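Engineer: Predicted coordinates and the sequence they were generated for:
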Amino acid sequence: MRTLFYTWVLLSLFCSPIPLQGQLISYEKSICKSEINFLLSDVLNESKNLIAQAKVADYIPELGKADPNKTAIAFIDEKGNIYSKGDVHTQFTIQSISKIIALMIAVQERGEPYIFDRMGYYGTDQAFNSMEALNTRQKPLNPMMNAGAIVTTASILGKGDEGYQKILKMIRYITKNDKIDINQAVYLSEKATGNRNRAMFYLEKNFNLFTAEDEEALNNYFRQCSIEINVIDLAKIGYFFAHQGTRFDGDKTYFNPEITQLINSIMLTAGMYDYSGEYARKVGIPSKSGVGGGIVGAVPGKYGIATFNAALDAHGNSAAGIYMIEQLSKRLQLSIFK
Ligand code: GLN
């Protein structure tokens, strides 16, 4: 604690004022490197207090093997400079965060009206795996819950695993990391135990929400969720959506303000499931979580943020991750509603 205070005093000489908990710095003020590094270490350390009350997901048995003590955070500034702290090389599966990439591809191929004829733009008070809307509306509520994401992926053009390959290719492009790949054990575990998702897939097929013929379309959803990533590569995805499809190194191959505006709005209303409303109020950053413990945030025009800790709260979001992003948002004043 004392070392932390002296570091704060020292850094404050160069880039004052540095925000401690409960303090703010101006959004407009450009942040210096030492300031960001200090802030990341600070929120990372504080976040560890939340791990004990949270629980690693084990409904997909392979996910239950994750170490709840691995915690990491990454931040990419406007210029694409990367800052990170903690267990930054720990790999985890991207899970539901893959839904924003799948949505981008599906909308690019099919157009927004086609996709949103088949699901809503609704937020939700239901859990991520709720299938209630399929009974009441014969359509998923939104593309961020499993029901909508399964239709989204099944709408991507191509046979066999082509839909999945497109998602993988896009993630490799955004992160500029060709080593990113599937965790085969997680994939097999999802496939073996994913009967609730399978039930939704067949109900949706019954309602003609997609034309895909067989379960390969559902397998592509399981595959996309099983892509392994680390916190730094995840922050690059945040940067991409924060910057209208510009990659962290400035590459504009997929520059598309229209599509990133759509994805960011959907993340804000549904990206954190039934916690999205409270999250919009407390954090105010378009974000997406996954049950692997990752959270990605896109601060429009500014920053890409990612956090990782596998222990989840009751909403299926990483408890330490939510804490870290909330603190960053408060101390740097990142809410889009500011
Ligand atoms: N693969 C997970 C599932 O289908 C994804 C859920 C999540 O990350 N919220 O249940």
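Structural biologist: Okay, I see it. Model, not experiment: these values are computed from the prediction. Numbering: from 1, shown residues only.
Engineer: got the domain boundaries for this protein?
Structural biologist: Following automatic domain parsing, one gets these domains for the chain: 37-95+227-332, 97-225.
Engineer: Restricting to C-alpha, output the helix or strand encompassing F241 in PDB.
Structural biologist: Secondary structure assigned from DSSP states H and E places F241 in helix 231-242. Written as PDB, here are the backbone C-alpha positions of helix 231-242 (Å, rounded to 0.1, in the frame of the first residue of the first chain):
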ATOM      1  CA  VAL A 231      -6.300 -10.400 -23.100                       C
ATOM      2  CA  ILE A 232      -4.000  -8.400 -25.500                       C
ATOM      3  CA  ASP A 233      -5.600  -9.800 -28.600                       C
ATOM      4  CA  LEU A 234      -9.000  -9.300 -27.100                       C
ATOM      5  CA  ALA A 235      -8.300  -5.600 -26.600                       C
ATOM      6  CA  LYS A 236      -7.400  -5.300 -30.300                       C
ATOM      7  CA  ILE A 237     -11.000  -6.500 -31.000                       C
ATOM      8  CA  GLY A 238     -12.200  -3.700 -28.700                       C
ATOM      9  CA  TYR A 239     -10.000  -1.200 -30.600                       C
ATOM     10  CA  PHE A 240     -11.300  -2.400 -34.000                       C
ATOM     11  CA  PHE A 241     -14.900  -1.700 -32.900                       C
ATOM     12  CA  ALA A 242     -13.900   1.600 -31.200                       C
END
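Engineer: touching the ligand at all, that helix?
Structural biologist: No. Judged by Cβ under 6 Å from any ligand atom, helix 231-242 makes no contact with the ligand; its nearest approach is 13.2 Å. Heads up, the C-betas are built off the backbone N, CA and C, glycines and all.
Engineer: Most tightly packed of the domains of the chain?
Structural biologist: When you average the neighbours per residue for each of these (mean count of other Cβ atoms under 10 Å), domain 37-95+227-332 leads with a mean of 22.
Engineer: Would you pull up how far it lies from the middle of the chain?
Structural biologist: For domain 37-95+227-332, the distance from its own C-alpha centre to the chain's C-alpha centre is 5 Å (Cα atoms, centre = their mean, to the nearest Å).
Engineer: Can you pull up the residues of the stretch 101-250 of the chain that come close to the ligand?
Structural biologist: Along the stretch 101-250 of the chain, the residues adjacent to the ligand under the rule Cβ under 6 Å from any ligand atom are 128-129, 146, 190, 197, 225.
Engineer: One more pass at 8 Å, please.
Structural biologist: Contact residues of the stretch 101-250 of the chain with respect to the ligand, defined by Cβ under 8 Å from any ligand atom, are listed as 128-129, 146, 149, 190, 194, 196-197, 221-222, 225-226.
Engineer: Contacts made by the helix or strand harbouring A102 with the rest, please.
Structural biologist: With secondary structure defined by DSSP H and E, A102 is part of helix 98-110. For helix 98-110, the surrounding residues in contact (Cβ atoms under 8 Å, 6 or more residues apart in numbering) are 115, 143-144, 149, 152-153, 155-157, 163, 166-167, 170-171, 174, 221, 224-225, 227, 237, 241, 256, 259, 262-263, 266-267, 271, 288, 290, 296.
Engineer: Can you tell me which residue of the stretch 101-250 of the chain sits closest to the ligand?
Structural biologist: For the stretch 101-250 of the chain, the nearest residue to the ligand under the criterion Cβ to the nearest ligand atom is C225, separated by 3.6 Å.
Engineer: Enumerate every residue touching that residue.
Structural biologist: Each residue near C225 by Cβ under 8 Å, 6+ apart is listed here: 93-96, 98, 186, 190, 290.
Engineer: For those, work out which two are farthest apart.
Structural biologist: Pairwise distances among the contacts of C225 were taken by Cβ to Cβ; the largest, 13.2 Å, belongs to S96 and V186.
Engineer: Can you name every helix or strand that the helix holding F241 contacts?
Structural biologist: Using 3 or more Cβ pairs under 8 Å, 6 or more residues apart in numbering; DSSP states H and E, the elements in contact with helix 231-242 are strand 71-76, strand 82-86, helix 98-110, helix 162-175, helix 257-270, strand 294-298, strand 304-309.
Engineer: Just put the ones you listed in JSON lines and tack on distance to K48 and mean pLDDT.
Structural biologist: Putting the helices and strands packed on helix 231-242 into JSON lines (distance: least, Cβ to Cβ, whole Å; pLDDT from 0 to 100) gives the following:
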{"stretch": "strand 71-76", "distance to K48": "6", "mean pLDDT": "98"}
{"stretch": "strand 82-86", "distance to K48": "9", "mean pLDDT": "98"}
{"stretch": "helix 98-110", "distance to K48": "27", "mean pLDDT": "98"}
{"stretch": "helix 162-175", "distance to K48": "26", "mean pLDDT": "98"}
{"stretch": "helix 257-270", "distance to K48": "26", "mean pLDDT": "98"}
{"stretch": "strand 294-298", "distance to K48": "16", "mean pLDDT": "98"}
{"stretch": "strand 304-309", "distance to K48": "8", "mean pLDDT": "98"}
